[in-house]
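J.: Predicted model, plus sequence, below.
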Amino acid sequence: MMETQQLSTLEKIGFGAGDMALNVVISSMMLIITFFYTDIYGLKTTDLALLFVAVKVIGAIADLAMGQITDRYTRSSGRYRPYLLWLAIPYGVSVVFVFSTPEWAYDAKLVWAYSTYILMTLMTAGVGIPYISLVSALTNDPKERLSANGYRLFFAKVGAFMVTIIVPILAQKWGGGNAATGYQAAMALMAFMGVALFLFCYFTTTERVTHVVEKQSLLVQLQVLLRNDQWLILCGVCVTGTVGYVVRGSVAIYYAKYYLGGDTATVSAFLSVGVAAAILSMVASTWITKFYCKVKLFRYTQIAVAGISVLIYFLVKPGDVVLGFVLYFLLSFVVDLHAPVFWSAIAETIDYGQVKTGKRVSGFAFGGISVCQKAGMAVAGGLVGILLTYFDYQPNHEQTQFALTGIALMFSLIPGVFHFIMGMLMFKYRISDDYYGAVKEEMRSKGYLLAQA
């Protein structure tokens, strides 16, 4: 008996809770970690650049390995869900370690930073790859996938909102004058929340769709993926978009604190305004894609982001708090309208590739996208470290005009260029809902779907 492909509201919420849990790390890495390491932990900007690149290379390898594991093993509770149960607590513990600041000599602290960041990266791969792959097993209905991803990204932004508004304020309140202690306590709360949310995701979701995944060597899988032109486009989009996101996100605190001259409350409010706009964007995207082509929405929003970035650089002057807030809200709203489309598109390119090549590569495909994300984060992290050094940024000091200009460039024009490239790449992407409907019909006719729940 064929079960429905429609997901209940509870299941969509449960699925979304998983990304909320994952964003305890993702949002911290994009919005807090650079500032934490330079202004609180005390790392040099030159060491910071190398740390970010090295850790992301290790993370990329971990993502590929996890993709292979999920491809090869299926258990009674599913192919992807078990890892959310098994690794939730280790994931939470690793987050607490990263935001712990031992009172050691500099070299020992550098070793601790590498060790804990690598551990957290491995744990994030352990839960992250199964989680982002899960949507392909929940349903094969593209509209349900898009809706589920809308919930997912909404809750992801709620998680980001909590990190950006709660962590700086609690760190100040709980630290008692010691910022390091405050950040550790605040992030411990976020980690506990992440563990609970992963468990909630596990218990409220069901894997309905089982695909035929034949055993293939890594070389064969890579060869198959390289023939999947639409997946390759998403790889390029992921790298360029991630660079733009992470460069802007990494310097947002610096921009609010030094360029706009804000205090702790202003910094928290600035970050929260960006996340609040992104939350509204998730709702708007789900509504817009009901009557407007999702691929066109993707293209034009990213080109618009480049234009808004230019406005921010030329119109917002140092200390211009109100205009800075307004334009940052606008940019954050527009930039994330594409997000549900992107994460739904990955599963669709996998099906497209199976029809085109006759072979299905799932774990490596999702893992490969995550590798692209790590590559973008590595480029962005290294770039931020190099640029902060070049512009002579001095932690916890009044910045020179040269440093302020650098911070403004990293917040606006530099990421804007990457979003423009991202939008232009999407002109090569062609899997619309109608096109994907034909792909699904061919999959059924060739027996590529073993079971549909």
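T.: Ah, there it is. Please read all numbers here as calculations on a predicted model, not as lab measurements.

J.: got the contact list for stretch 251-259?
T.: 31-32, 34-35, 262, 266-267, 270-271, 274, 318, 324, 384, 393, 399, 403-404, 407-408, 410-411 (CB atoms under 8 Å, 6 or more residues apart in numbering). Every residue, glycine included, has its C-beta placed from N, CA and C.

J.: Stretch 293-301 too?
T.: Contacts for stretch 293-301 (CB under 8 Å, 6+ apart): 146, 285, 288-289, 334-335, 337-338, 341-342, 344, 423-424, 426-427, 429-433.

J.: ok, of those residues, which come out buried?
T.: When the contacts of stretch 293-301 are checked for burial by 16 or more other CB atoms under 10 Å, the buried set is 146, 285, 288-289, 334-335, 337-338, 341-342, 344, 423-424, 426, 429, 431.

J.: where in the chain is pLDDT low?
T.: Along the chain, segments meeting pLDDT under 70 span 1-4, 211-214, 447-453.

J.: all strands in it, in order from the N-terminus.
T.: Remark: strands assigned in the chain by DSSP state E are 210-211, 449-451.

J.: List the contacts of stretch 85-99.
T.: 21, 24-25, 28, 33, 36, 77, 116-117, 119-120, 122-124, 126-127, 183-184, 186-188, 190-192, 194-195, 198-199, 202.

J.: Near K446, how many other residues are there?
T.: 12 (other CB atoms under 10 Å).

J.: check contacts around R152.
T.: R152 neighbours (CB under 8 Å, 6+ apart): F15, G16, G18, D19, V135, P340, W343.

J.: separation between H397 and A88?
T.: 41 Å (CB to CB, to the nearest Å).

J.: I meant to write G42 there.
T.: Taking CB to CB, one finds G42 at 31 Å from A88.

J.: what sits against A196?
T.: A21.

J.: same question but for D141, I mixed them up
T.: Q5, Q6.

J.: Likewise for the one 5 residues further on?
T.: Contacts for L146 were tallied using CB under 8 Å, 6+ apart; they are T286, T289, K294, P340, V341, S344.

J.: Isn't the second one up against F342?
T.: No: with contacts defined as CB atoms under 8 Å, T289 does not count as touching F342, sitting 11.9 Å away.

J.: Report the buried residues of stretch 86-94.
T.: L87, A88, I89, Y91, G92, S94.

J.: can you put those in CSV and add distance to L48?
T.: Formatted as CSV, those follow (distance: CB to CB, whole Å):
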residue, distance to L48
L87, 27
A88, 29
I89, 29
Y91, 23
G92, 25
S94, 19
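
J.: Pick the one among those residues closest to R444.
T.: L87 (34.4 Å; CB to CB).

J.: re the thing from before, give the residues shared as contacts by T289 and F342.
T.: Counting by CB under 8 Å, 6+ apart, nothing touches both T289 and F342.

J.: ok so, going back, which members of the contacts of R152 are classed as buried?
T.: Of the contacts of R152, these count as buried by 16+ other CB under 10 Å: F15, G16, G18, D19, V135, P340, W343.

J.: Let me see the contact set for the closest residue to the last one other than its chain neighbours.
T.: The spatially closest residue to W343, leaving aside those adjacent along the chain, is N149, at 4.7 Å (CB to CB, 6 or more residues apart in numbering). Residues counted as contacts of N149 (CB under 8 Å, 6+ apart) are V135, A339, P340, W343, S344.

J.: In helices only, show me those.
T.: Counting by DSSP state H, the contacts of N149 place V135, A339, P340, W343, S344 in helices.

J.: Among the residues you listed, which pair sits farthest apart?
T.: Spanning the widest gap among these are V135 and A339, at 13.2 Å by CB to CB.

J.: mind listing what the closest residue to T181 other than its chain neighbours touches?
T.: Nearest residue to T181, sequence neighbours excluded (CB to CB, 6+ apart): G175, at 5.0 Å. Taking CB under 8 Å, 6+ apart, we find G175 in contact with T181, G182, Y183, A185.

J.: Likewise for A375?
T.: Contacts of A375 (CB under 8 Å, 6+ apart): K56, A60, V239, T242.

J.: any idea which of those residues is the one closest to V371?
T.: Comparing these against V371 with CB to CB places A60 closest, at 4.2 Å.

J.: quick revisit: for the buried ones among the contacts of stretch 293-301, which one is nearest A171?
T.: Among the buried ones among the contacts of stretch 293-301, and counting by CB to CB, the member closest to A171 is V335, at 26.7 Å.

J.: mind checking how far the closest residue to the closest one other than its chain neighbours is from S412?
T.: Nearest residue to V335 in three dimensions, chain neighbours excluded: V305, at 4.8 Å (CB to CB, 6+ apart). Distance from V305 to S412, counting by CB to CB: 10 Å.

J.: neighbour-wise, which of those two wins?
T.: Counted by other CB under 10 Å, V305 and S412 do not tie: V305 has more neighbours, with 28 against 25.

J.: how much space between that one and I69?
T.: Distance of V305 to I69, given as CB to CB: 36 Å.

J.: before we move on, what about E207?
T.: From E207 to I69 the distance is 16 Å (CB to CB).

J.: which one of the buried residues of stretch 86-94 is nearest V361?
T.: L87 (23.6 Å).

J.: one step back: please report the distance of the residue nearest to V335 from Y259.
T.: As judged by CB to CB, V305 and Y259 stand 19 Å apart.

J.: Next: G244.
T.: Taking CB to CB, one finds G244 at 18 Å from Y259.

J.: same question, Y429
T.: Y429 is 35 Å from Y259, by CB to CB.

J.: again with A180
T.: 25 Å.

J.: who has more neighbours, the two?
T.: Under the neighbour definition other CB under 10 Å, A180 and Y259 were set side by side, and Y259 has more, 24 against 18.

J.: quick one on the thing from earlier: take the contacts of R152 and write them to CSV, including distance to P102.
T.: Formatted as CSV, the contacts of R152 follow (distance: CB to CB, whole Å):
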residue, distance to P102
F15, 37
G16, 36
G18, 32
D19, 31
V135, 39
P340, 41
W343, 37
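
J.: Closest to A160 out of these?
T.: So of the contacts of R152, ranked by how close each gets to A160 (CB to CB), first place is D19, at 9.8 Å.

J.: what's near enough to touch the closest one?
T.: Y131, R152, L153, F155, A156, G159.
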